[in-house]
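Undergrad: structural data only, the sequence is not supplied:
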């Protein structure tokens with residue numbers, strides 16, 4: 001510890017008080033020692049505070065750049081996924097040409113190995129702190145779920161010689177049951193979307209397997225009801241992440257409504273679903289809900305007009321009206337965003 005210099009002013013006062021008889025020499029020495037100790041303690045506290053400030057500044061400094069030190073840039077991550085996807089597609093194309101008649105056993109073995117390897121690789125990243133590795137874990141588990149679906153589908157189609165409906169039911173059911181496990185371990189968006197998609201396909205295929213007299217609109221109605229229940233569960237916090245639950249439910253509602261449009265009530269259901277998404281997007285300022293509602297409106301309104309007013313100007317006029325409504329909504333969102341912040 002550095003030596004604390006003496007206080008000349010204090011020493012002068014102490015010497016005067018000793019000369020005047022107010023203090024004796026021993027008292028003056030003890031006062032000087034106490035003041036030295038207090039000054040030393042103050043100096044140590046100030047040095048410790050400066051050290052903590054310097055350490056905090058050094059820790060926060062990397063975050064000021066384009067990306068933190070050691071973090072993988074999103075562009076590099078996206079290029080990596082794109083390259084991997086292209087390599088997988090090229091591998092399948094090459095295998096199809098070099099081995100056109102792949103035996104069933106080889107297909108099952110490849111799907112099983114892929115499911116195990118991808119699932120284990122994702123599990124090894126479960127405690128990763130790097131966000132890129134967290135996203136990679138989700139992609140690996142999603143690919144593993146797809147491999148399980150492929151295994152079950154090949155087994156049902158080639159070994160069991162089942163119908164396409166039963167094959168779809170088997171593949172989707174196996175993927176849903178398997179996908180629930182990683183979703184419960186780490187509630188990630190991709191895992192929830194995989195489980196929802198598997199459940200929707202399982203329900204639709206199961207309804208189709210009930211018999212040949214099942215109406216065409218029944219699978220769509222089932223998917224629509226499942227999506228409505230999924231959205232309600234997400235709203236109550238039973239489905240996580242909640243925002244992904246909303247998105248999955250909205251997509252399911254649109255698909256289910258489209259599958260019921262062979263009925264007049266199906267057209268009303270599709271129009272009501274599109275309108276509800278638009279209203280939700282405006283009320284909550286959710287851009288994705290507005291985009292889905294706009295897409296559904298552009299798909300549904302012309303189909304309805306062409307079915308009930310064939311050969312007339314209803315279809316192009318309906319598109320014009322929808323475009324005008326969307327333009328008004330865009331202007332409203334732009335005004336609200338300038339007042340309260342950017343819509344999500």
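TA: Alright, I've got the coordinates. Only a predicted model underlies this, so the values are computations on that prediction, with no experimental measurement involved. Numbers count the residues shown, from 1 in each chain.

Undergrad: could you pull out the buried residues of the helix or strand containing residue 153?
TA: Using DSSP states H and E, residue 153 maps to helix 131-154. For helix 131-154, a neighbour-count test (16 or more other Cβ atoms under 10 Å) marks 133, 135-154 as buried. No exception for glycine: its C-beta is placed from N, CA and C like everyone else's.

Undergrad: ditto for stretch 172-189
TA: The neighbour-count check on stretch 172-189 (16+ other Cβ under 10 Å) flags 172-180, 182-183, 188-189 as buried.

Undergrad: residue contacts, the nearest residue in space to residue 291 that is not next to it in sequence?
TA: Closest residue to residue 291 apart from its sequence neighbours, by Cβ to Cβ, 6 or more residues apart in numbering: residue 281 at 7.8 Å. Listed by Cβ atoms under 8 Å, 6 or more residues apart in numbering, the contact set of residue 281 reads 287, 288, 289, 290, 291, 292, 293, 329.

Undergrad: distance-wise, check the fifth one relative to residue 299.
TA: With distances defined as Cβ to Cβ, to the nearest Å, the gap from residue 291 to residue 299 amounts to 13 Å.

Undergrad: what about stretch 254-270, start to end distance?
TA: The straight-line separation of the ends of stretch 254-270 (Cα to Cα, to the nearest Å) is 7 Å.

Undergrad: any low-confidence regions in the stretch 51-200 of the chain?
TA: For the stretch 51-200 of the chain, the stretches flagged by pLDDT under 70 are 52-73, 76, 91-92, 95-96, 98-100, 126-129.

Undergrad: can you show me the helices along it?
TA: Using DSSP state H, counting those that start in this stretch, the helices of the stretch 51-200 of the chain run over 74-98, 104-124, 131-154, 164-185, 189-208.

Undergrad: of those, which is nearest residue 36?
TA: Checking those against residue 36 by Cβ to Cβ gives helix 131-154 as the closest, at 52.9 Å.

Undergrad: got the angle for the closest one vs helix 74-98?
TA: Taking axes from the mean of the first three to the mean of the last three Cα atoms, to 10 degrees, one finds helix 131-154 and helix 74-98 inclined to each other by 20 degrees.

Undergrad: same for helix 131-154, what does it pack against?
TA: Contact partners of helix 131-154 among helices and strands, from 3 or more Cβ pairs under 8 Å, 6 or more residues apart in numbering; DSSP states H and E: helix 74-98, helix 104-124, helix 164-185, helix 189-208.

Undergrad: quick one: residues in contact with that helix.
TA: In this structure, residues lying in contact with helix 131-154 by Cβ under 8 Å, 6+ apart are 71-72, 77, 81, 104, 107-108, 111-112, 114-116, 118-119, 121-122, 125-126, 128, 167-168, 170-175, 178-179, 182, 186, 188-191, 194, 198.

Undergrad: quick one, it and helix 104-124 angle?
TA: Helix 131-154 runs at 160 degrees relative to helix 104-124, counting by the same axes, to 10 degrees.

Undergrad: how far off centre is helix 131-154?
TA: On the basis of Cα atoms, centre = their mean, to the nearest Å, helix 131-154 sits 15 Å off its chain's mean C-alpha point.

Undergrad: quick one: it to helix 164-185, angle?
TA: 150 degrees.

Undergrad: how about the residue nearest to the spatial centre of the chain, nearest residue that isn't a chain neighbour?
TA: Centroid check for the chain by Cα atoms, centre = their mean gives residue 189 as the closest residue, at 3.9 Å. Spatial nearest neighbour of residue 189, chain neighbours left out: residue 244 (4.2 Å); criterion: Cβ to Cβ, 6+ apart.

Undergrad: run a quick neighbour tally on that neighbour.
TA: By other Cβ atoms under 10 Å, the residues close to residue 244 number 19.
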